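In: Next input, structure requested:
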Amino acid sequence: MKAFWTLVAIVAAVLLQTALSRVFPNGSLMFDPFLLVVVYCGLTYGETHGMLAGAVAGWVQDVQFGGQVAGLSGLTKLILGFGVGLAGTRFLLVGAAPQILVLSATTIADALLMHSLASVFSIQTHDLSAAGLAIRAVVNALVGAGVFSMIDRRVGRESLS
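Out: As a prediction, the model looks like this:
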């Protein structure tokens, strides 16, 4: 069932990102629903599932939304999913405050890792200013914490297993 719900979440992220990109052309710079899926899977199911969800979500993001190198987002989200899953199994990251912290840190790490990997392959990326990166981290953290709370309240973690 974990794989099914993860795929449903990735499809929902595709639909949300598509709708946002039609309404706000630069909306992908301010919100990343794929990152929310990866963080939730890492926190809920551990590093292996977070890593696999990150690879799939990143590949879908590259294919659907025009990554210059297919797999670059997959690699960054794979690394982040593993790291979040590892931290989630080692530390108690339950509740809104720790989740906001994890989402903010993961958003910043995603941008820095993507920029670093893109420079290795001589690929141009969107440079986010410090203010833009802070806004993206805040938006992802607040939306993500709300979505995580709603999922945990309605469905419950034990029924997702």
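In: mind checking how far the residue of the chain most remote from its centre is from Val69?
Out: For the chain, the largest distance from the centre (C-alpha atoms, centre = their mean) belongs to Ser122, which lies 23.8 Å off. As judged by C-beta to C-beta, to the nearest Å, Ser122 and Val69 stand 10 Å apart. For every residue, glycine as well, the C-beta is placed using N, CA and C.
In: Equivalent analysis for Val37, please.
Out: Taking C-beta to C-beta, one finds Val37 at 21 Å from Val69.
In: what sits against the residue most central in space within the chain?
Out: Residue closest to the average C-alpha location in the chain (C-alpha atoms, centre = their mean): Leu35, at 0.7 Å. By C-beta atoms under 8 Å, 6 or more residues apart in numbering, the residues touching Leu35 are 77, 80, 103, 106-107, 110, 140, 144.
In: Of the residues you listed, which is the most crowded?
Out: Lys77 (33 neighbours; other C-beta atoms under 10 Å).
In: Is that one within a helix or a strand, and which one?
Out: Using DSSP states H and E, Lys77 sits in helix 72-90.
In: if we can go back for a sec, sort out which of the contacts of Leu35 are in helices and list them.
Out: Judged by DSSP state H, these include 77, 80, 103, 106-107, 110, 140, 144 as members of helices.
In: can I get the residues you listed in JSON lines with distance to Leu43 and pLDDT?
Out: Below are those laid out as JSON lines (distance: C-beta to C-beta, whole Å; pLDDT from 0 to 100):
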{"residue": "Lys77", "distance to Leu43": "14", "pLDDT": "95"}
{"residue": "Leu80", "distance to Leu43": "12", "pLDDT": "97"}
{"residue": "Leu103", "distance to Leu43": "10", "pLDDT": "96"}
{"residue": "Thr106", "distance to Leu43": "10", "pLDDT": "96"}
{"residue": "Thr107", "distance to Leu43": "14", "pLDDT": "95"}
{"residue": "Asp110", "distance to Leu43": "15", "pLDDT": "94"}
{"residue": "Asn140", "distance to Leu43": "14", "pLDDT": "95"}
{"residue": "Gly144", "distance to Leu43": "10", "pLDDT": "95"}
